[in-house]
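In: No letters, just coordinates:
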């Protein structure tokens, strides 16, 4: 039986670690907790003792971790201080080296000057010496000559020579001797200007001007059409009061290093980032930054090139066409300068006009048009963005696309001048009035004889269907033609066009189905008011129907070499209306 | 009148197969039966497309021209492939009662045997046997509908020359019965041409007002029924066209005035023969299929 001794309070026992100093001598106070338990306890007490040991052990382990962290931190500090001092030393060494270098340079300069001075003076003195020597020589010579004359026996010669000689001596004696030194003897020492050395010495203890910051390259998706987000870093411990960000647009016609050609703008900020606003879209800007503190301004950072995002494009509604399986979208760039590419986004819409399904995007479209594959009998919303290295522009205004039937617009620049087209672009008239010759402007693209117009190209394989509303009195031609069909010929007269033709004779209505000038001999008893045209690229057929009667009229069997355009012509004053985006009725399908 | 309860009725419904040949995946068969209308044994040809093995198919009735039997069409027209592709049964009867022993029935090729003109004769000695109109419009369809996988609600009619005349007349007189009609070089206005005048005088008598009920041009002028869609092909080098036996312009004029939709195609170089029929048969089957399979 073990007797219960009572709740054990750990604090009331002293644990003496084996061989360690008493608690009081330990400054951290965390030592000496582990130790050998001297007393013996009962089993229960033993258990509780074990629990207590575990708790304390965990506490101690935590403390150990803390200490390790502290030690690590100390190490970091140690290293940082070492680094900083190292830097300071380096700085000092560099500074003093600069001073020494400057002094050495000055010494060299002065010594050189001194040397030069010495040389020039010596030269002058030497020159003077030579002069004196020469004078002495000539005097000697003269004296000798005089002596010679004096010693000469010949009285006659003596008389002859004595006067000029005396004259020469007198003249010589009159000459003044210039005995002054031609050069000063003192060395003039100019005060050396050592003020800059003094400044250098003084500035050793002063906080240096900051080192050049490093400007970051443009981050993706950080630019808008009119603003740029610029970041930079200062990779040193220099103190900085503020930064100044300089920027200017990079224009194509000016050289890149022309710093005074365009306005350089400046922004002052305290942070290491800045959003520059009021910029032009799709434009390149050159940016650099300088750091300033009380000592001075850092050198400029390297120049970085950033680009603002382009303006959004504008979809050309009259330039777009669609058919059951695809749509051709065309747009205006919306930017004066080229952009890198375009992104076309397509979202399916349900019958109520709400979005259904996720949006799909076609990226890296290189030009201002795109042929999109779609599914039949759906409605879609299409938007376009322009993209450059700055990122994508805002979305263009959307265009609704329906893949029921085939929808195309008329190419008004192919229209004969006498053909006028309604505002909605689907009705054409051949007016009664004679147009003045000046109004008849012909170019390479429009029809010049046949009063005709082409519809937009149908660039998708498969089946297409559209309808044409006509009246009893209009002589018309409707069908398809290749893009290069002769603009001086009549539709159906060449092998590049196929059409149904209505002719009014005095007695009756005549219908022809023309291709290459040939038509079958056909009689139709009920004049069609609404003609269905069904084109099947794969089957190689072009069929015509009386829509109101669901009556098949005629089918051309052709082998289309390339995509075709719908074509329309009026042979006498009148009008016709194109109805498209209509689903092909069942009786027109094979 | 056909009495279904009478034992003879059952007998008259009995068909005897004369021949059967596999053709274009289906079967070209010829049957013989005792005709009640014509009071003699009659043969007719039936083409059964592959689809007829599993489903009820619509029926295309073909009426042949002068001198033909049930054989000409099935051997020369080349219609079986298109019929197979479109799942259509083709029935081609003979052109008149045969072996009735009527005096003068074999005298001419354009009257009597092989020249029934698809009328119900009212004159002796023809009126007992020469009832091709009723045979084609009543007896034959009932026979076909009860013996073959035929859809009784979907049938159309076509023919050549005299048969074209027959097809047009049957359609115009039975508005709504035939889903569509087409013809090859039909006799459009028999009252106005030698053939028609000879035949009607013989079968119907001297009173020309009785002829009008069998003239497509006249019938068109007073047609009042569901919208039609008539396809007619006419050979440009057809000698009977040039000899004014066919008179398509009259029909066209009548249809234009009455707004009956017709597409009339003149095919240059083609004559009156089965070579011409063969050349455009698939267009006609396609035209019929559009309505029969709608």
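Out: Received it, and whenever you're ready, just let me know what you need. These numbers were taken from a predicted model, which means no experiment stands behind them.

In: So what sits opposite the residue nearest the centre of chain B in the bridge?
Out: With distances taken as C-alpha atoms, centre = their mean, residue B:63 lies nearest the centre of chain B, 2.4 Å away. Judged by DSSP bridges, the bridge partners of residue B:63 are residue B:159.

In: Identify the residues contacting it.
Out: Applying C-beta atoms under 8 Å, 6 or more residues apart in numbering or on different chains, we find residue B:63 in contact with B:92-93, B:95, B:118, B:136, B:157-160, B:162-164, B:166-167. Just so you know, the C-beta spots here come from the backbone N, C-alpha and C atoms, and that holds for glycine as well.

In: change it to 7 Å
Out: Contacts of residue B:63 were listed using C-beta atoms under 7 Å, 6 or more residues apart in numbering or on different chains, and they are B:118, B:136, B:159, B:163, B:166-167.

In: which among those residues gets closest to chain A?
Out: Using C-beta to the nearest C-beta, residue B:167 comes nearest to chain A of these, at 17.1 Å.

In: Tell me, please, the helix or strand in chain B that averages the lowest pLDDT.
Out: Ranked by mean pLDDT, DSSP states H and E, the helix or strand of chain B with the weakest confidence is helix B:7-12, at a mean of 47.

In: Throw the contacts of residue B:63 into JSON lines and include distance to residue A:223, thanks.
Out: Shown next, in JSON lines, are those (distance: C-beta to C-beta, whole Å):
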{"residue": "B:118", "distance to residue A:223": "86"}
{"residue": "B:136", "distance to residue A:223": "84"}
{"residue": "B:159", "distance to residue A:223": "79"}
{"residue": "B:163", "distance to residue A:223": "81"}
{"residue": "B:166", "distance to residue A:223": "83"}
{"residue": "B:167", "distance to residue A:223": "77"}
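
In: I'd assumed residue A:60 was in a helix, is it?
Out: Yes. Under DSSP: H, G, I helix; E, B strand; the rest coil, residue A:60 sits within a helix.

In: what's the spacing between it and residue A:67?
Out: Counting by C-beta to C-beta, to the nearest Å, the gap from residue A:60 to residue A:67 is 10 Å.

In: Show the pLDDT at the residue nearest to the centre of chain B.
Out: On the pLDDT scale, residue B:63 is placed at 97.

In: Alongside chain A, which residues does the stretch 101-250 of chain B contribute?
Out: Residues of the stretch 101-250 of chain B found near chain A (C-beta under 7 Å from any C-beta of the partner chain) are B:227, B:229.

In: can you map out the helices along the stretch 101-250 of chain B?
Out: Assigned by DSSP state H, counting those that start in this stretch, the stretch 101-250 of chain B shows helices spanning B:132-134, B:140-147, B:162-173, B:194-204, B:216-221, B:239-242, B:248-258.

In: Residues touching the fifth one, excluding its own?
Out: What it means is helix B:216-221. With contact meaning C-beta under 7 Å, 6+ apart, helix B:216-221 is reached by B:165, B:168-169, B:172-173, B:188-189, B:191, B:212, B:250-251, B:254-255, B:258, B:260.

In: which among the residues you listed gets closest to residue B:146?
Out: Using C-beta to C-beta, residue B:173 comes nearest to residue B:146 of those, at 23.6 Å.

In: list the contacts for that closest one?
Out: residue B:219.

In: what's the pLDDT at it?
Out: Residue B:173 carries a pLDDT value of 97.

In: Same check on residue A:188?
Out: At residue A:188, pLDDT is 67.

In: Can you identify the element that follows the least confident helix or strand of chain B toward the C-terminus?
Out: Next along the chain after helix B:7-12, taking DSSP states H and E as the criterion, comes strand B:16-23.

In: so what strands line up beside that next one?
Out: As assigned by DSSP bridges, strand B:16-23 forms pairs with strand B:26-35 (antiparallel).

In: Contacts for the strand it pairs with next, please.
Out: Outside strand B:26-35, the residues that touch it by C-beta under 7 Å, 6+ apart are B:11-12, B:14-21, B:41-50, B:52, B:70, B:74, B:80, B:84, B:135, B:139, B:143.

In: Can you give the distance of it from its chain's centre?
Out: How far strand B:26-35 lies from its chain's middle: 16 Å, per C-alpha atoms, centre = their mean, to the nearest Å.

In: hang on, the earlier thing: give the buried subset of the contacts of helix B:216-221 as a PyMOL selection command.
Out: Selecting only the buried entries of the contacts of helix B:216-221 in PyMOL, with 16 or more other C-beta atoms under 10 Å in any protein chain shown as the criterion:
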select buried, chain B and resi 165+168+169+172+173+188+189+191+250+251+254+255+260
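
In: what's the closest of the contacts of helix B:216-221 to chain A?
Out: Looking across the contacts of helix B:216-221 and measuring by C-beta to the nearest C-beta, the closest to chain A is residue B:255, at 4.1 Å.
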